[in-house]
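Engineer: Following is a predicted model, sequence given first.
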Amino acid sequence: MSDMSVPKTPRIWQLAERRYRLIGSKCLKCGRVFVGSRKVCPQCGSRELEDVELSRKGKIYSYTVIRASPMEREKYGPYIMAIVELDDGCKLTTEIVDCSPEEIDIGTEVEATFRKIGEESKSGVIYYACKFRPVAKGV
Amino acid sequence: MNFKGDIPAIYGWGSYIPVYRIKLDEIARVWGEEPARVKSGLQVEEISVKGRDEDQVVIAVNAAWTALKRAPEVSPKDIGAVYVGSESKPYAVKPTATIVAAAVGAPVTIRAADYEFACKAGTEALISVMAQVVSGMIRYGLAIGADTSQSWPGDVLEYTAGAGGSAYIIGSKSSTSVAYFESQYSVATDTPDFWRRDEVKYPRHMGRFTGEPAYFKHIMLAANELMSREGLKPSDFDYFVPHQPNGTFPVRVALRLGFKPEQVKPGLISPWVGNFYSGSSLTGLSRVLDKAKPGQRILLVSFGSGAGADAFSLVTQEAIEGKKGLAPTVDDYISRKKYVDYSTYLKFWDKIYGV
């Protein structure tokens, strides 16, 4: 009855809006910006942080091609995973889409695009988040 | 003008088209058809194809983000309604509109719903937002038409079923709106030209019956109703944007109504990306807004099988010039492309694993 189980959905739902809009945390004392929710600034120890929308543009810091996909992506085929350094200085791990590995390199400029990241099952909840794609002229 | 009081207007417009394309030559090759004959009949060269991680929600959200870029004066917190028209939503029950609302940062105190009326669901969503704006129920609303258009493998629809859509931020006319609506009229009849039954993956249609008694009849009825009620004639418009099931019908209906080819061609998208179903005419309008000058008049007429048509008369305003460059244009999206073969197209569509 795998189609009836929803083990990941509550957690995914809690993260959904952060993933949709790339919401991170900003330290009000030292000004550093972090991916995800933080209660304490790991840089200066301040507990004064606020939610901020992260930059939707950045550069590829490093990347790899996943050819042995996890089970839930076995029909998806090879895909590019990268660490992207956003324009506001923080780094996140994300998939690079709309291109082949030959079209990117370290330093390639990328921008956020809203995409499907998975689904619980064929009858289950669909998960969405920001991925990144190379910046094209005008687009 | 058939609006009393406030005038509904567009503040931001934006589109999204997946990067992948398949040429009609490739589809024709697989099914043993003569490519030149198919392309000549449909006047379509290639269609957009959704990627392996794209669906109607993805198109709706990315189009909404683009529209918001062109409306910097509109805070997502001031959006009071999100309505999305489509015939390919990934959930049968669960709104796309709530996902879009969350992704643009709209407040929880909004109205959100999905609309269905075949290819005119997007303009139905637009009319609902316009009505709530002019009634004073909301300050701004977001209306979207988006589809990953479905088609049976081997059906003639497969040659035109593209993927894409457009979004519009609507509010009351002001100095920062880019185009205001002069009037809106609709027609609807019980015409079974195209349908998809519950739990069936792809639509069926009545072939040539989708032309005369469906597309042409309803678009001409709605367009003529608007022009006769408002005292307008084709020469009063700078642009005519009808629904685009292929590249042939929009030009033919334009000529029949008395428009010239140069009035309809600026809004054509189907020859290069195909039919976006609910997003078709709205993306044609988006392409026209990308080019229009202030003070130009546009006639937009959607068509939805089943069947009906929504006609809108719009006039562009001064603010349009300052907003064009704030986001990618439809032509930017059309020119950004990667070709796939038929096997990859089947994989992206998940058609390999059975229908």
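Structural biologist: Structure received.

Engineer: only C-alpha atoms for contact and neighbour calcs from this point on.
Structural biologist: Noted.

Engineer: quick one: the residue most central in space within chain A and residue B:240, what's the gap?
Structural biologist: Centrality entry for chain A: nearest residue to the mean C-alpha point is residue A:94, 4.2 Å, by C-alpha atoms, centre = their mean. Shown here: residue A:94 relative to residue B:240, a distance of 42 Å by C-alpha to C-alpha, to the nearest Å.

Engineer: all strands of the stretch 151-300 of chain B, in order?
Structural biologist: Along the stretch 151-300 of chain B, counting by DSSP state E, counting those that start in this stretch, strands occupy B:163-172, B:179-191, B:194-195, B:204-205, B:239-242, B:297-304.

Engineer: now do the stretch 1-150 of chain B
Structural biologist: B:8-16, B:20-23, B:46-49, B:79-85, B:111-115, B:140-148.

Engineer: Quick one: closest of these to residue B:292.
Structural biologist: Counting by C-alpha to C-alpha, residue B:292 lies closest to strand B:8-16 out of the strands of the stretch 1-150 of chain B; the figure is 12.7 Å.

Engineer: starting at the chain centroid, how far to the closest one?
Structural biologist: 12 Å (C-alpha atoms, centre = their mean, to the nearest Å).

Engineer: tell me which residues of the least confident helix or strand in chain A by mean pLDDT are tucked away?
Structural biologist: Least confident helix or strand, chain A: helix A:9-21 with a mean of 87, by mean pLDDT, DSSP states H and E. Neighbour-count burial for helix A:9-21, counted by 16 or more other C-alpha atoms under 10 Å in any protein chain shown, picks out A:9, A:16-21.

Engineer: Against which helices or strands is the helix or strand harbouring the residue nearest to the centre of chain A packed?
Structural biologist: Assessed by DSSP states H and E, residue A:94 sits inside strand A:91-96. Packing partners of strand A:91-96 (3 or more C-alpha pairs under 8 Å, 6 or more residues apart in numbering or on different chains; DSSP states H and E): strand A:33-35, strand A:79-86, strand A:126-134.

Engineer: Packing partners of the helix or strand that comes right after the first one?
Structural biologist: Of the helices and strands lying after strand A:33-35 in sequence (DSSP H and E), the nearest is strand A:49-53. Contact here means 3+ C-alpha pairs under 8 Å, 6+ apart; on that basis strand A:49-53 packs against strand A:23-27.

Engineer: Out of the strands of the stretch 1-150 of chain B, the one nearest chain A is which?
Structural biologist: Closest approach to chain A among the strands of the stretch 1-150 of chain B (C-alpha to the nearest C-alpha): strand B:20-23, 8.2 Å.

Engineer: Show me what that closest one pairs with in its sheet, parallel or antiparallel.
Structural biologist: Using DSSP bridges, strand B:20-23 pairs in its sheet with strand B:46-49 (antiparallel), strand B:338-339 (parallel).

Engineer: Export those strands to JSON lines and append columns for distance to residue B:279 and mean neighbour count.
Structural biologist: As requested, the strands paired with strand B:20-23 are arranged in JSON lines below (distance: least, C-alpha to C-alpha, whole Å; neighbours: other C-alpha atoms under 10 Å in any protein chain shown):
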{"stretch": "strand B:46-49", "distance to residue B:279": "13", "mean neighbour count": "28"}
{"stretch": "strand B:338-339", "distance to residue B:279": "21", "mean neighbour count": "15"}
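
Engineer: Could you dump these into a markdown table and include mean pLDDT?
Structural biologist: A markdown table is the format used below for the strands paired with strand B:20-23 (pLDDT from 0 to 100):
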| stretch | mean pLDDT |
| --- | --- |
| strand B:46-49 | 98 |
| strand B:338-339 | 98 |
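
Engineer: For the residue nearest to the centre of chain A, which residues are in contact?
Structural biologist: Contacts for residue A:94 were tallied using C-alpha atoms under 8 Å, 6 or more residues apart in numbering or on different chains; they are A:81-84, A:131-132.

Engineer: would a markdown table of the strands paired with strand B:20-23 with distance to residue B:317 be doable?
Structural biologist: A markdown table is the format used below for the strands paired with strand B:20-23 (distance: least, C-alpha to C-alpha, whole Å):
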| stretch | distance to residue B:317 |
| --- | --- |
| strand B:46-49 | 31 |
| strand B:338-339 | 36 |
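
Engineer: out of those, which comes closest to residue B:301?
Structural biologist: Counting by C-alpha to C-alpha, residue B:301 lies closest to strand B:46-49 out of the strands paired with strand B:20-23; the figure is 21.9 Å.

Engineer: CA atoms only for that closest one, dumped as PDB, please.
Structural biologist: Below are the C-alpha coordinates for strand B:46-49, written out as PDB (Å, rounded to 0.1, in the frame of the first residue of the first chain):
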ATOM      1  CA  GLU B  46       7.600  23.200 -34.000                       C
ATOM      2  CA  ILE B  47       6.000  22.900 -30.600                       C
ATOM      3  CA  SER B  48       7.300  23.500 -27.100                       C
ATOM      4  CA  VAL B  49       7.700  20.400 -24.900                       C
END
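
Engineer: quick revisit: C-terminal to the strand holding residue A:94, what's the next element?
Structural biologist: Following strand A:91-96 in sequence, per DSSP H and E, is strand A:109-119.

Engineer: for that next one, packing partners?
Structural biologist: Strand A:109-119 packs on strand A:57-66, strand A:126-134, helix B:56-69, going by 3+ C-alpha pairs under 8 Å, 6+ apart.
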